[in-house]
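[1] 3D, please:
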Amino acid sequence: MGKSTALIFLILVGSLMGNSVPIHTSSVSVDVGYQWIWDEVATTGTSDINGDDVLSWGSSLGAYYNSTEIMYKLNDAKNHFPDLVSVFEIGKSYQNKSILAVKITAPNTRTLQVKYETAVVGNHHAREAITVIDVLLYMDRILYLYSEGDSVVTNLLEEAEIYLVPTLNPDGLDALYLNPWIRKNMQPIDDDGDNTTVDQSEIRDVNGDGYIAQYYSYKYGGYLFEGVDGPDNDTFAGEDNWGGVDLNRNYPFQFIGDGSSSNPRDMNYRGPAPLSAPETRAWVNFANNHTFFTAVSLHSGTEAIVTPWSYTDKPAPDQAEFNYIVNELKKKSGFLEWSELPYSYSTNGEWGDWMYGVDNTLAVTLETYGNNAALHNTYYDGKSATVGVWDRFNPPSKDMIDHSNSLVQPMIDFMVTYPRSGSNYYHKLNGFTLEGNRLTLTGQSEINNLDVVIQYRNKFQGWTNIDNSTVDSGVFNVSFSVEGFTDKDMRVFIGKGGRGLGYQFNGLIDIKGEPHVISYENNTLPFEISGTDISTINVNYTLTSTTTTSRSSLATTISSIISSLIPTGESTSEKSVIGIFGILAAGVPVLFVIRKRKNS
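    A predicted model of the protein is given here:
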């Protein structure tokens, strides 16, 4: 991308929260050789094709992305932005394909890093391929603005861990070039009642008009697709559709109801049991390992904003907050709320209801695109039929970046940044101390039953509880044992249920023994030094003013003080400041940890 093109795009995508001074404060390495999605689409995007576009593109899906291309894209981002991006698998699809997630966050640079978690997931429904683009475009916008030194994005990534799952349904996505009507996953079911779950791929464009037609057969007792009779030789053609289970009806919350179907032939078939689909199990396991403050699921087929509850028209406990969110999203997109649509309906076993009702996340579903005019009636084999499903759910590939950028991205921006400004945290953390293996926190709560949890990050990229406590309104003082976990990434999570903030410790180490005061004459700095020996020293530091002191200069000063305390003949090069913990603010205690360097 040329500089002028880059500047034009920067103006188009904005900087999340308005104008800002580009100040790049992090030491993160940035590789500008990365290919942005808008550059890729500029060379591969096409105008609308007569018919279902994806049939002419084949398995590559044209400028849209299949699951292999998503994998390459995410890994390319990781390779070019290694300090910002990590890629990992949250589970497997029915066909054993990786369901990939990307985490975007800046390295912890603050003494006590406050970070919340937020998530965006696309493509529950296979034919809604535009939602994959929406997620990937958001990823590239964030990385691009960060690489341009945008201060708002820099601050965002220092305060948030953003998790993106471009497709939850890679099997169905990859099969769209065979049948663009595919909505469900590819888990085999006996949808045509022939006592076999082998899908026989009977569907194809028989008349060569570029479409796959759908029509109702009274003889068959259900919808059939344009095609030829397959190996089952049952005189019906096009009944052997692939899969499956509607992933957005398979979650374990209000599973059974009029908002889903028990008939495997139906598009909204909920499956035989909650989480019967491996894809929904993958998401639930993933979400259970995290504490997402906000989360967004992207769909297409119309343009609307959906919040809990979806299974009933009764108000949610946080209805006032959801109303505020919806109103802000309306301003940014012009979309209607789901209940305002003339054809809205209820859903059971739905993602957003589970995320909110069980996981306590402020969950919003965005219906990002719809073109009802694309669906039109025709005749196939002498029967009334419907065609145009691809264009109903997906824009022409040359238009998908502009559409997402103007309508969808501002809504994702709002939901991702909402925990920073729009929601009440219900607490204030004043400080903490570490004595031996006990970590003690002090703060103030505005509500009763506030959760205070000490956690470590496990190998699956999630947070696992070590210990927890519940505090009531007022000043609180809680203590946890961290023995055995001090060599791991740890944080304190404070919130209501699963919604709150994580305070991450940078390199917390185990300090053994009772500290004793080491005098330092003529000390002009506002701290005292204590420690068990010269190789492990605690510095309890309280700022006496709001004057900003850089961490690097403070560490240098402390190191010089420590050097003056080292017995004659012992090398000062073996001593270094290895951790600084706390909040650099007036009157707040900060813990410094200094220890002897290990021999290399």
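[2] where along the stretch 1-150 of the chain do the strands fall?
    85-92, 98-104, 112-122 (DSSP state E, counting those that start in this stretch).
[3] My error: substitute the stretch 351-500 of the chain in the last question.
    362-369, 376-380, 383-387, 427-435, 438-445, 450-457, 463-471, 474-481, 490-496, 499-505.
[4] What residue, apart from its backbone neighbours, is nearest Glu483 spatially?
    In space, and not counting its chain neighbours, Glu483 is closest to Asn437: 3.8 Å by CB to CB, 6 or more residues apart in numbering. Bear in mind the C-beta positions are built from the backbone N, C-alpha and C, glycine included.
[5] That neighbour: neighbouring residues, count only.
    15 (other CB atoms under 10 Å).
[6] That one and Ser481 touch, don't they?
    Yes: with contact defined as CB atoms under 8 Å, Asn437 counts as touching Ser481 (5.6 Å).
[7] hang on, the earlier thing: of the strands of the stretch 351-500 of the chain, flag the one that's most buried.
    Highest mean neighbour count of the strands of the stretch 351-500 of the chain: strand 362-369, a mean of 26 (counted as mean count of other CB atoms under 10 Å).
[8] From the contact counts, what lies against it?
    helix 130-147, strand 292-299, strand 302-306, helix 319-333, helix 351-357, helix 409-421 (3 or more CB pairs under 8 Å, 6 or more residues apart in numbering; DSSP states H and E).
[9] For the shortest one, buried residues please.
    With burial defined by 16 or more other CB atoms under 10 Å, the residues of strand 302-306 counted as buried are 302-306.
[10] Could you dump these into CSV and include distance to Ile182 and pLDDT?
    Conversion of the buried residues of strand 302-306 to CSV gives the following (distance: CB to CB, whole Å; pLDDT from 0 to 100):
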residue, distance to Ile182, pLDDT
Thr302, 19, 93
Glu303, 22, 94
Ala304, 22, 94
Ile305, 25, 96
Val306, 22, 96
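[11] For Leu55, state which of these is nearest.
    Using CB to CB, Thr302 comes nearest to Leu55 of the buried residues of strand 302-306, at 23.3 Å.
[12] which residues does the closest one contact?
    Residues near Thr302 by CB atoms under 8 Å, 6 or more residues apart in numbering: 341, 367, 370, 372.
[13] count of neighbours near the last one?
    Other residues lying near Asn372 total 11 when counted by other CB under 10 Å.
[14] got a list of what it touches?
    Contacts for Asn372 (CB under 8 Å, 6+ apart) come out as 302, 392.
[15] Give me the pLDDT for it.
    With respect to pLDDT, Asn372 scores 91.
[16] Kindly report the same for the first one.
    Per-residue pLDDT puts Leu341 at 82.
[17] Ala287: what's it in contact with?
    Contacts of Ala287 by CB under 8 Å, 6+ apart are 119, 295, 355, 359, 361.
[18] any idea which of the residues you listed has the most stuff around it?
    Result: Met355 is most packed of the contacts of Ala287 (other CB under 10 Å), 29 neighbours.
[19] Can you tell me, leaving aside adjacent residues, what's nearest to that residue?
    Nearest one to Met355, counting by CB to CB, 6+ apart, is Ala363 at 3.6 Å.
[20] try Trp36
    Asp140 (5.1 Å).
[21] doesn't Glu40 make contact with that neighbour?
    No: using CB under 8 Å, Asp140 is not in contact with Glu40, being 9.4 Å away.
[22] Looking at the two, which is more packed in?
    Asp140 (21 against 17).
[23] ok so, going back, for the strands of the stretch 1-150 of the chain, which one ends up most surrounded?
    The most buried one of these (mean count of other CB under 10 Å) is strand 112-122, showing a mean of 24.
[24] Using CSV, list the CA coordinates for it.
    C-alpha atoms of strand 112-122 as CSV (Å, rounded to 0.1, in the frame of the first residue of the first chain):
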residue,chain,number,x,y,z
LEU,A,112,-0.1,-3.5,37.6
GLN,A,113,-1.7,-4.1,34.2
VAL,A,114,-5.5,-3.7,34.1
LYS,A,115,-7.0,-5.8,31.2
TYR,A,116,-10.4,-6.9,30.3
GLU,A,117,-11.3,-9.6,27.9
THR,A,118,-13.7,-9.2,24.9
ALA,A,119,-14.5,-11.5,22.0
VAL,A,120,-15.9,-11.4,18.4
VAL,A,121,-17.1,-14.6,16.6
GLY,A,122,-18.2,-15.0,13.1
